[in-house]
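Peer 1: Got a sequence here, can you build the structure:
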Amino acid sequence: MPGRPQSQGSWSTTWIEVAGLYPRQVPENAPAAAPVSIPAELLPRDGRFGSGPSKIRPEQVEALVASGSTLLGTSHRQAPVRNLVRRVRTGLAELLGLPDGYEVVLGNGGSTAFWDVATFCLVERRSAHGAFGEFGSKFAAAAARAPFLEEPVVTTAAPGSVAVPGHADVDVYAWPQNETSTGAVAPVRRVAGSREQGALVVVDATSAAGGVAVDVAQTDVYYFAPQKSFASDGGLWLAAMSPAAIERAARLEAGRWVPESLSLTTAVTNSRLDQTLNTPAIATLLLLAEQVDWMLQNGGLPFAAGRSAASSGHVYAWAQARDWATPFVAEPEHRSPVVATIDFDPQVVEAATIARALRAHGVVDVEPYRKLGRNQLRIATYPAVDPRDALALTACIDHVVDQLV
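Peer 2: Coordinates of the predicted model:
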């Protein structure tokens, strides 16, 4: 097995360069499991592979410490914090390549709060949803519970596959770009005929934004939270919004009661002033700003998405080269670049046992999504994860399985 990577060079080292190390067969007459010790030289430099909250780079933490006396504990209505919000908004606009007229809007709460915001402020009469995991289903459920809306049209698919809504008599089409619970990624493109019928395309990019390529012009609302690819903490929602979406919200709110904390128009008004309705988490904003700056300084979204693709590509290739592991998402084009889900043969090894052994050595948060109930590991490969650490992680898994079988 390869030792712990020592190179400090480019992140571009990928699975292709070490593919010759992969072939491996499960020994026959495997002995009973025993306590496992992973040699230090195999361990990743950083053992955080959680799907959210995700790894925060040390440089971000250093920037947070350095800002302690100038930002933390100061008014969010004054210039220093408002300048920070402006830095976030302009940085995201550049990173995502926003079309003319689109705006970055932010508000208190995470994506869960935004499902309610969208239900109140974007769906006029009826919505259509793609639901192929936990998070796409939650927005559909919020729309179904709203007493002022018609029953939504919901297109479903089994976990591990993808469902995007087709043309229907609706005014909003909504689905996740990346289903964090299952590791499936869906295309982002306007539903045929949606423009002609005046329908908005609303895409949940909570775990995709910043780590997966996208043409935001294919959407009217591309919304996300900062605790995934943007290596920050939760507590905020952010959205890239088209003029049509901003107009829809203003028109609906003029005739529909909306709680102020869920008012999209209020969020737009405050965002244009580089602030939020209520006090935001300043530390979250700063960590987000530092991550966006890091992405831009290194090449923007192609750089960030490239890091994620290198890490996840290695993990998928590694799994396919094992007779006791396989990517959960069957179709390669639907395999997430930022959340890799790997099934393990239960006749060979329990994934939970692997996860416990890894956690005991500081390699954490690779457990599967709790509601799937699969013999699986879920490995985040967001841009902050060094591809060399993804390589080291699979070396550690190999070592653990060797000891257990």
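
Peer 1: quick one: contacts for the residue nearest to Val268 when sequence neighbours are not counted?
Peer 2: Excluding its sequence neighbours, the residue lying closest to Val268 (CB to CB, 6 or more residues apart in numbering) is Val105, at 5.3 Å. Where C-beta positions appear, they are placed from N, C-alpha and C, glycine not excepted. Counting by CB atoms under 8 Å, 6 or more residues apart in numbering, Val105 touches 238-241, 264, 267-268, 271.

Peer 1: between the residues you listed, which is nearest Phe230?
Peer 2: Leu238 (8.6 Å; CB to CB).

Peer 1: And what about the closest one, helix, strand or coil?
Peer 2: Look at Leu238: counting by DSSP: H, G, I helix; E, B strand; the rest coil, its state is strand.

Peer 1: For the residue nearest to it when sequence neighbours are not counted, grab phi and psi.
Peer 2: What sits nearest to Leu238 in space, not counting adjacent residues and going by CB to CB, 6+ apart, is Leu106, at 4.7 Å. Leu106 has phi and psi values of phi -140, psi 160 when expressed as degrees, to the nearest 10.

Peer 1: Read off the pLDDT value for Leu106.
Peer 2: Leu106 carries a pLDDT score of 98 in this model.

Peer 1: and which of the contacts of Val105 is nearest Ser232?
Peer 2: Using CB to CB, the contacts of Val105 come closest to Ser232 at Leu238, 10.3 Å.

Peer 1: wait, the closest one sits on Ala93?
Peer 2: No. Assessed by CB atoms under 8 Å, Leu238 is found out of contact with Ala93, at 10.9 Å.

Peer 1: residues shared between the contacts of the two?
Peer 2: Going by CB under 8 Å, 6+ apart, residues that sit against Leu238 and also against Ala93 are Val104.

Peer 1: out of the two, which sits in the busier spot?
Peer 2: Applying other CB atoms under 10 Å to Leu238 and Ala93 shows that Leu238 carries more neighbours, namely 25 against 17.

Peer 1: what's that one in contact with, if anything?
Peer 2: The contact partners of Leu238, by CB under 8 Å, 6+ apart, come to 88, 92, 104-106, 209, 223-226.

Peer 1: What of Gln177?
Peer 2: Going by CB under 8 Å, 6+ apart, Gln177 touches 185-186, 188, 203-205, 208-209, 212, 214.

Peer 1: Give me the phi and psi angles of the residue lying closest to it once chain neighbours are set aside.
Peer 2: Of all residues beyond its chain neighbours, the one nearest Gln177 is Ala208 (4.0 Å), with distances taken as CB to CB, 6+ apart. Geometry field for Ala208 lists phi and psi as phi -100, psi -40, criterion degrees, to the nearest 10.

Peer 1: returning to what we had before: which of the contacts of Leu238 are buried, as a ChimeraX select command?
Peer 2: If you want just the buried ones from the contacts of Leu238 in ChimeraX, going by 16 or more other CB atoms under 10 Å, the selection is:
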select :88,92,104,105,106,209,223,224,225,226
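
Peer 1: Looking at the protein, which helix is longest?
Peer 2: Among the segments of the chain that qualify as a helix by DSSP state H, the longest is helix 301-320.

Peer 1: in that one, what counts as buried?
Peer 2: 301, 304-319.

Peer 1: ok, and what's touching the helix or strand following that helix?
Peer 2: Using DSSP states H and E, the helix or strand that directly follows helix 301-320 along the chain is strand 325-327. Strand 325-327 is contacted by residues 316, 318-320, 335, 340-345 when judged by CB under 8 Å, 6+ apart.

Peer 1: Which is the succeeding secondary structure element to strand 325-327?
Peer 2: Heading C-terminal from strand 325-327 (DSSP H and E), you reach strand 339-344.

Peer 1: Would you mind giving the orientation angle of whatever helix or strand comes next after that next one with respect to strand 339-344?
Peer 2: Following strand 339-344 in sequence order, the next helix or strand is helix 351-360 (DSSP H and E). Angle between the axes of helix 351-360 and strand 339-344 is 120 degrees (criterion: axes from the mean of the first three to the mean of the last three CA atoms, to 10 degrees).

Peer 1: Same question for helix 351-360: list its buried residues.
Peer 2: For helix 351-360, the neighbour count (16+ other CB under 10 Å) marks 351, 353-355, 357-358 as buried.

Peer 1: Quickly name whichever of those residues is closest to Thr70.
Peer 2: Among these, and counting by CB to CB, the member closest to Thr70 is Leu358, at 38.9 Å.

Peer 1: Now for that closest one: which residues touch it?
Peer 2: With CB under 8 Å, 6+ apart, Leu358 has these contacts: 38, 47, 364, 366, 393, 396-397, 400.

Peer 1: Find the residue at the geometric middle of this structure.
Peer 2: For the chain, Ser207 is the residue whose C-alpha lies nearest the centre (CA atoms, centre = their mean; 1.1 Å).

Peer 1: Please name the residues that touch that residue.
Peer 2: Contacts of Ser207 by CB under 8 Å, 6+ apart are 51-52, 178, 180, 224, 228-229, 336, 338-339, 382.

Peer 1: which element is it on?
Peer 2: Short version, using DSSP H and E: Ser207 is in no helix or strand.

Peer 1: burial count for Pro187?
Peer 2: Pro187 has 12 neighbours, counted by other CB under 10 Å.

Peer 1: and it, that's in a helix?
Peer 2: No. Looking at Pro187 with three-state DSSP, it is coil, so not inside a helix.
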